[in-house]
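A.B. asks: Build the 3D model from these lines:
(chains A and B)
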Amino acid sequence: MTKDIPYRDLPDHSFWQRGVCDAGADVDPVVAVPFTIGVGDRVATAGSCFAQHISRHLRKVGFDTLCTEPPHGLLRPQEAVAFNYGLYTARYGNVNTARQLLQLFQRAVGSFVPEERLWADGGRFIDPFRPRIQPRGFACREEFEADQAQHFAAVREAFETLDVLVFTLGLTEAWESTGDGAVFPICPGVAGGRFDAQRHRMHNFDVGEVTDDMLRFIDLLREVNPAARLILTVSPVPLVATAFATEHVLAATTYSKSVLRVACAEIARRRPQVAYMPSFEIITGQYARGRYFAPDLRSVTEEGVGHVMRVFFRHFVDAAVLGDAPQAPPPPTPAVAHLQQMGQLADANCDDDILRHALATTPALHQVCNLCDGEAFGPGPHGRLSSTGLKPHCERCGSLERHRVASRALQALPRNFLDWRRALLVNPQRKDDPMPFRHCDIAQATAPGALLRDLAAREDGLYDFIVLLHVLEHQDDDRAVFEQLVRLLSPRGVMQVCFVDPHLRPWTSIATGPAGSLRRWYGRDVSSHFRCPTLQVHVKVDDVTDPGTGVVMPVHFFYGHPEHQAALETPSAPTQEISR
Amino acid sequence: MNDKILVIGHSHINVLTPLDGLEDSFDLVTFPIADGAYASRDRAEFTAMAAAGHASVAFMLGGSRHVALGMLNPPQDPFDFYLPEEPGLPLNPQARLLPVDVVAALLKRHMKQECDQLAELSGIFGAHLRLHVESPPPCPSEHIRQHPAGFARMLHERGVAPAAFRYKLWRLHSCVMREFCAARDIRFVAAPAGTQDADGCLKPAYLRADPAHANAAYGVQVVRQLRELSGIAAAAPRSAAQAPSAAISTTP
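C.D. replies: Sure thing, here's the model as predicted:
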């Protein structure tokens, strides 16, 4: 006989046995979310140290996180990290408490100017509110002031333009100024400044204070950005220490996390478009039996972070967003490739979960080369794998992703669109590949400046189709080369260009290689970089899937007459087929 | 033991090569050029030189990374920074501010090759008085525009970077090199006094038809410095500033 009680029709997740014990290792405690992150949404990140994991994993899968204070394009990733660029949306460092977040907003808009706004320390200048942002502090007062002004502008831009803020609440214990209540992320004296018991005191925020601070912040945020949505999480990382001698750190941690968890529920209840993501529960839940903590019982393992992010992506992110995420990293120089390989080995454990997840949710790909029908693939140059984790090098014809994508883009165009055309192949890397043109000429970039000279010697309007594959990146004066190529196009001409994926960067940057050689990384500004509007050149971008690896790469078509747009949009255009 | 100074360098050694009579007290060693860049020399060659017993060895290695990074305006995202010793120098209002430590890190990476080479040579010549000659100060903007050499096309498109920025980058470049030398007991020889104008750029008397290098008159000043530091009696070169330009004219 079945009892008629309210629990009878509840779903599995309502019951500990079915929702936790029987769920295996992949417990998913998210039931419903008030919104999801869609294509084009700008996602900002902030919070305590656990938020760095979230931010890093979002970027790792190609998520276009909002970054208003990015590293300069000349910096290498490890240099950017050393100076704390790109950890979060702006260079604010860890924001451990709700009060700190509120005051960050207030300081950025100028409504709160702390009395203690810099610490002079041995000729260097420390920002009390991001004391570790600059490894040795700022070199002079002028630099400190100018950098702070620049930083605040980036913070304002972040708050004004974000669509979703992912904020991780980390602590309730904080050191504050006795004078004006300014809250410091770290106790003064630890990473700069000098602790003064007259000027600094410990404050342990309670549920009401955390809730009120967050509500005030949300209200201020929505004054400048009414549509802003928030995803709150609680850091599962225990306190490194409690400031209260009468408390055990374990009890203090429990108090702190409890306050934050309750506050999150209260905030989500009292403001619309605020969601709670249970990362704390995923990491600390009994089902995990503590395995998501490193031997120090404090640091969260990559396996644990992977679990959190799987759940996050499953519920909060539209599938189309991940499908649109840029996938192809730029091919590295040999030295960079070596470092990347070493890094990949070291990070193998971190990537394992995400990679397995990505592969598990990707339809099994039958690898085939569209150039030679080869089905055997090996590692790419320097042993690299493609961004889908598959081997990119066709063992029969030697092609890589870019060769197959470029060819596939051509194969997708109607034969009668190409077969009458006189084509110019610029620096072809594989001269024996079949070309569907009436005639092909070749121009080679044999030495610095040689390509420009070669092109300049050719007649106007000579070609109906021009093909370039990773060529402009290496030209000293790439714009001059581009202009020459445009000049060579006939009135019905089209230029097909494959860049090293420009979706990855907001703007074009330049790097100096060996012997002073130049190397550009094109960004999303590629059209303006080449002054297409001035040259009256149109551009169409197709995302084309490599049948060998499933990697999606953009192929650019430049043309002079808008009517080409329709001709290039063929039913067979091989746009993206596989979502990650 | 001889009483000569051995100078090992890249393109900035050009300030010395035109000087007549230099061979009396200097041995100059540069590097072969291959594929548009300086190639290395066999370590054994330097080991043999070290056995020749020069009074001192002066290095004029590299010294161009500040030119590569900052002589012309970049196509995108120009940056500027404060020089802590002279924070009052103007900032480019169009530029993004980078902390000077970030710029120094960038420079160090780009200078790694010349620093590695200097470290290796310093080891080979460990028993000598070792000197490193600071690269010459930047050229005035108008001079660069008039003598752009191989930078002409890029200069036309991008323009010369502000003089204050170029001066700061040169100073920072020198600061990096000075610290590197100090850690290896190499004496850093600063640019000769009186060779800079009010903007910190080379005075007209020390310019040559080149956007990045000093002339033989500047070389005379360097020779004087090296003689003094090496304890070698002065003997003015027989012909100095009017000497023809050197064969090596490109930035390394």
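A.B. asks: Tell me the residues of chain B that contact chain A?
C.D. replies: Chain B comes close to chain A at residues B:35-37, B:68-69, B:74-77, B:79, B:81-82, B:84, B:87, B:91, B:96-102, B:105-106, B:109-110, B:153-154, B:157, B:251-252, as judged by Cβ under 8 Å from any Cβ of the partner chain. (Glycine included, C-beta is placed from N, CA and C.)
A.B. asks: So which of these belong to helices?
C.D. replies: In this view, the residues of chain B next to chain A that belong to helices under DSSP state H are B:68-69, B:100-102, B:105-106, B:109-110, B:153-154, B:157.
A.B. asks: just to revisit the earlier point, list only buried entries from the residues of chain B next to chain A.
C.D. replies: B:69, B:74-77, B:79, B:81-82, B:84, B:91, B:97-102, B:105-106, B:110, B:154, B:251-252 (16 or more other Cβ atoms under 10 Å in any protein chain shown).
A.B. asks: Can you check the pLDDT for residue 110?
C.D. replies: Using chain A here. With respect to pLDDT, residue A:110 scores 97.
A.B. asks: Let me rephrase: I mean chain B.
C.D. replies: 91.
A.B. asks: which residue packs closest to it, ignoring adjacent ones?
C.D. replies: Once flanking residues are discounted, residue B:110 sits nearest to residue B:65: 4.4 Å by Cβ to Cβ, 6 or more residues apart in numbering or on different chains.
A.B. asks: what do you get for residue B:3?
C.D. replies: In space, and not counting its chain neighbours, residue B:3 is closest to residue B:55: 5.3 Å by Cβ to Cβ, 6+ apart.
A.B. asks: quick revisit: for the ones in helices among the residues of chain B next to chain A, give me TSV that also has distance to residue A:199.
C.D. replies: What follows is those, written out as TSV (distance: Cβ to Cβ, whole Å):
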residue	distance to residue A:199
B:68	48
B:69	43
B:100	30
B:101	28
B:102	31
B:105	34
B:106	38
B:109	41
B:110	44
B:153	59
B:154	54
B:157	55
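A.B. asks: now, the most widely separated pair of those?
C.D. replies: B:101 and B:153 (33.5 Å; Cβ to Cβ).
A.B. asks: For residue A:380, grab the count of nearby residues.
C.D. replies: The burial metric for residue A:380, expressed as a neighbour count using other Cβ atoms under 10 Å in any protein chain shown, is 17.
A.B. asks: Now for the closest residue to it other than its chain neighbours: which residues touch it?
C.D. replies: Computed as Cβ to Cβ, 6+ apart, the closest residue to residue A:380 that is not its neighbour in sequence is residue A:392, at 4.4 Å. Under the criterion of Cβ atoms under 8 Å, 6 or more residues apart in numbering or on different chains, the neighbours of residue A:392 are A:377, A:379-380, A:384-386, A:400-401, A:546, A:548-549, A:551.
A.B. asks: Just the buried residues of these.
C.D. replies: A:377, A:380, A:384-386, A:400-401, A:546, A:548-549, A:551.
A.B. asks: Between those residues, which sits nearest chain B?
C.D. replies: Using Cβ to the nearest Cβ, residue A:384 comes nearest to chain B of the buried ones among the contacts of residue A:392, at 22.4 Å.
A.B. asks: what's that closest one sitting at in phi/psi?
C.D. replies: Dihedral angles of residue A:384 (phi, psi; degrees, to the nearest 10) stand at phi -70, psi 160.
A.B. asks: any idea how far residue A:560 lies from residue A:255?
C.D. replies: For residue A:560, the distance to residue A:255 equals 68 Å [Cβ to Cβ, to the nearest Å].
A.B. asks: ugh, wrong one, residue B:206
C.D. replies: In terms of Cβ to Cβ, residue B:206 sits 70 Å off from residue A:255.
A.B. asks: Of these two, which one has the most company?
C.D. replies: residue B:206 (27 against 18).
A.B. asks: show me what contacts the more buried one?
C.D. replies: Contacts of residue B:206 (Cβ under 8 Å, 6+ apart): B:136, B:195, B:214-215, B:217-218, B:221.
A.B. asks: Count the residues that sit near the closest residue to it other than its chain neighbours.
C.D. replies: Distances taken as Cβ to Cβ, 6+ apart put residue B:218 closest to residue B:206, at 4.1 Å, once the chain neighbours are dropped. Using other Cβ under 10 Å, residue B:218 has 27 neighbouring residues.
A.B. asks: Tell me the residues of the stretch 351-500 of chain A that contact chain B?
C.D. replies: Taking Cβ under 8 Å from any Cβ as the contact definition, the stretch 351-500 of chain A meets chain B at A:448, A:476-477, A:479-480.
A.B. asks: of these, closest to chain B?
C.D. replies: Using Cβ to the nearest Cβ, the shortest approach to chain B within those belongs to residue A:477, at 5.3 Å.
A.B. asks: That closest one contacts residue B:154, correct?
C.D. replies: Yes. Under the criterion of Cβ atoms under 8 Å, residue A:477 makes contact with residue B:154 at 6.4 Å.
A.B. asks: Tell me which stretches of the stretch 101-250 of chain A form helices.
C.D. replies: Ranges of helices within the stretch 101-250 of chain A are A:141-161, A:207-224, A:249-270, based on DSSP state H, counting those that start in this stretch.
A.B. asks: neighbouring contacts of the shortest one?
C.D. replies: In other words, helix A:207-224. A:97-99, A:101-102, A:105-106, A:109, A:156, A:159-160, A:165, A:169, A:172, A:205, A:228, A:230, A:232, A:259-260, A:262-263, A:266-267, A:270-271, A:274.
A.B. asks: Show me which of the residues you listed are buried.
C.D. replies: Neighbour-count burial (16+ other Cβ under 10 Å) applied to the contacts of helix A:207-224 gives A:97-99, A:101-102, A:105-106, A:156, A:159, A:165, A:169, A:172, A:205, A:228, A:230, A:232, A:259-260, A:262-263, A:266-267, A:274.
A.B. asks: where in the stretch 1-150 of chain A is pLDDT low?
C.D. replies: Per-residue confidence for the stretch 1-150 of chain A (pLDDT under 70) gives these ranges: A:1-2, A:62.
A.B. asks: And for the stretch 351-500 of chain A?
C.D. replies: A:351-365, A:387-389.
A.B. asks: try it again with 90
C.D. replies: Scanning the stretch 351-500 of chain A for pLDDT under 90 picks out the ranges A:351-392, A:395-420, A:427-438, A:440, A:444-450, A:469-479, A:491-492, A:499-500.
A.B. asks: which non-adjacent residue is nearest residue B:59?
C.D. replies: residue B:132 (4.7 Å).
A.B. asks: just checking, next helix/strand downstream of the strand or helix carrying that neighbour?
C.D. replies: Assigned by DSSP states H and E, residue B:132 falls within strand B:129-133. As assigned by DSSP H and E, the chain's next helix or strand after strand B:129-133 is helix B:141-146.
A.B. asks: For the stretch 351-500 of chain A, which segments count as helices?
C.D. replies: For the stretch 351-500 of chain A, applying DSSP H, counting those that start in this stretch gives helices covering A:401-411, A:415-418, A:450-456, A:478-488.
A.B. asks: Output the residues of the stretch 351-500 of chain A next to chain B in CSV, with neighbour count appended to each entry.
C.D. replies: As requested, those are exported to CSV (neighbours: other Cβ atoms under 10 Å in any protein chain shown):
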residue, neighbour count
A:448, 18
A:476, 18
A:477, 18
A:479, 16
A:480, 19
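A.B. asks: Now for those residues: which two are most distant?
C.D. replies: Farthest-apart pair in these is A:448 and A:479; separation 15.5 Å (Cβ to Cβ).
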